[in-house]
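Participant: Predicted model and sequence below, questions to follow.
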Amino acid sequence: MRDKDQFPKLDFSSILKKGTLDGNEIIKEWFPNDIKYHIFLSHSHKDEELALEIAYILEERHNLKVFVDSDIWGNSLDLLKRINDKYCIAEEDKTLYDYDKCNYSASHVYLMLMNSLNIMIDRCEALFFLNTPNSILLKDSLDNLDDLERTSSPWIFSEIQISKTIRKKIDRPRTKSFSSTEKLDESLQISYPLDIKSFPKISCEIFKDWIEMKCNSPYEALDDLYKCIH
């Protein structure tokens with residue numbers, strides 16, 4: 001797992017250009033996309049340890065590089081707080097934030113994050129969704145809103161929606177897409193429909209059999225997985 005000391009310190013003076021923060025430089029420091037990953041692992045923040053364990057196993061067994069956002073990227077909430085502390089203090093009371101300024105900074109930070117998620121998901125061959133009670137709400141608690149699964153995580157919802165809309169491309173022979181999950185604890189509870197019916201399911205048995213297979217390359221390992229689930 002990445003050492004938290006390796007996360008960017010956000011030196012504002014180094015990314016200021018004519019009095020304006022360079023958003024692209026912030027993205028490169030905070031949400032880098034310069035490393036190639038085979039799998040994007042979508043997960044609940046509460047399942048971070050499980051996600052990291054899966055990523056470790058797949059890299060050890062099949063040399064597959066798995067993208068787990070919390071291990072690779074800085075925390076968007078931490079980035080937002082640093083910007084707010086620097087630029088969004090209320091003029092009339094230095095112990096408070098300015099509401100409008102905070103809304104403005106939040107819109108920029110979340111746009112940076114969404115753009116980076118789009119790029120990363122598009123670059124990965126497969127997207128795995130870690131389907132656990134932490135990422136999917138129990139239907140009994142939803143008053144039967146609809147027949148779809150639902151999530152309270154805006155980031156899981158975004159990742160699944162992105163996976164359904166990005167262009168399908170073939171970078172090598174025999175490539176098929178597959179799917180996977182987030183971070184935000186808030187008192188306000190909002191749920192989003194999560195259409196994962198088309199996602200092939202990987203049971204524990206299939207996963208165990210797959211990681212025991214002898215594969216000559218990461219792409220051969222992915223092809224073997226596709227055979228198991230289709």
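Facilitator: Ah, there it is.
Participant: show me where pLDDT drops low in this structure?
Facilitator: Residue ranges of the chain with pLDDT under 70: 1-10, 14, 18, 138-148, 167-192.
Participant: all helices of it, in order?
Facilitator: Assigned by DSSP state H, the helices in the chain fall at 12-15, 23-30, 48-62, 69-72, 76-87, 99-123, 154-165, 204-212, 218-229.
Participant: Out of the ones you listed, which gets nearest to residue 198?
Facilitator: helix 154-165 (8.3 Å; C-beta to C-beta). Every C-beta, even on glycine, is put in place using the N, C-alpha and C of the backbone.
Participant: Of all the helices of the chain, which one is nearest residue 41?
Facilitator: helix 48-62 (5.3 Å).
Participant: buried set for that closest one?
Facilitator: 48, 51-52, 54-55, 58, 62 (16 or more other C-beta atoms under 10 Å).
Participant: export that helix as PDB, just CAs?
Facilitator: C-alpha atoms of helix 48-62 as PDB (Å, rounded to 0.1, in the frame of the first residue of the first chain):
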ATOM      1  CA  GLU A  48     -10.600  -0.900   1.200                       C
ATOM      2  CA  GLU A  49      -8.700  -3.600   2.900                       C
ATOM      3  CA  LEU A  50     -10.500  -6.300   1.000                       C
ATOM      4  CA  ALA A  51      -9.900  -4.400  -2.300                       C
ATOM      5  CA  LEU A  52      -6.200  -4.100  -1.500                       C
ATOM      6  CA  GLU A  53      -5.900  -7.800  -0.700                       C
ATOM      7  CA  ILE A  54      -7.600  -8.700  -4.000                       C
ATOM      8  CA  ALA A  55      -5.200  -6.400  -5.800                       C
ATOM      9  CA  TYR A  56      -2.200  -8.000  -4.100                       C
ATOM     10  CA  ILE A  57      -3.300 -11.500  -4.900                       C
ATOM     11  CA  LEU A  58      -3.900 -10.700  -8.600                       C
ATOM     12  CA  GLU A  59      -0.500  -9.100  -9.000                       C
ATOM     13  CA  GLU A  60       1.300 -11.900  -7.200                       C
ATOM     14  CA  ARG A  61      -0.500 -14.700  -9.100                       C
ATOM     15  CA  HIS A  62      -1.000 -13.200 -12.600                       C
END
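Participant: Quick check, central residue of this protein?
Facilitator: residue 69 (4.9 Å; C-alpha atoms, centre = their mean).
Participant: Would you quantify the distance from that one to residue 52?
Facilitator: Residue 69 sits 11 Å away from residue 52, going by C-beta to C-beta, to the nearest Å.
Participant: which residues touch the nearest residue in space to residue 115 that is not next to it in sequence?
Facilitator: With C-beta to C-beta, 6 or more residues apart in numbering as the criterion, residue 115 has its nearest non-adjacent residue at 7.1 Å, and that residue is residue 27. When contacts are counted by C-beta atoms under 8 Å, 6 or more residues apart in numbering, residue 27 touches 112, 115-116.
Participant: one more time with 10 Å
Facilitator: The contact partners of residue 27, taken as C-beta atoms under 10 Å, 6 or more residues apart in numbering, are 33, 111-113, 115-116, 119.
Participant: could the residues you listed go into a markdown table alongside neighbour count and distance to residue 224?
Facilitator: A markdown table is the format used below for the contacts of residue 27 (neighbours: other C-beta atoms under 10 Å; distance: C-beta to C-beta, whole Å):
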| residue | neighbour count | distance to residue 224 |
| --- | --- | --- |
| 33 | 19 | 27 |
| 111 | 12 | 38 |
| 112 | 18 | 36 |
| 113 | 21 | 33 |
| 115 | 15 | 33 |
| 116 | 19 | 30 |
| 119 | 15 | 27 |
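Participant: Understood, closing this out.
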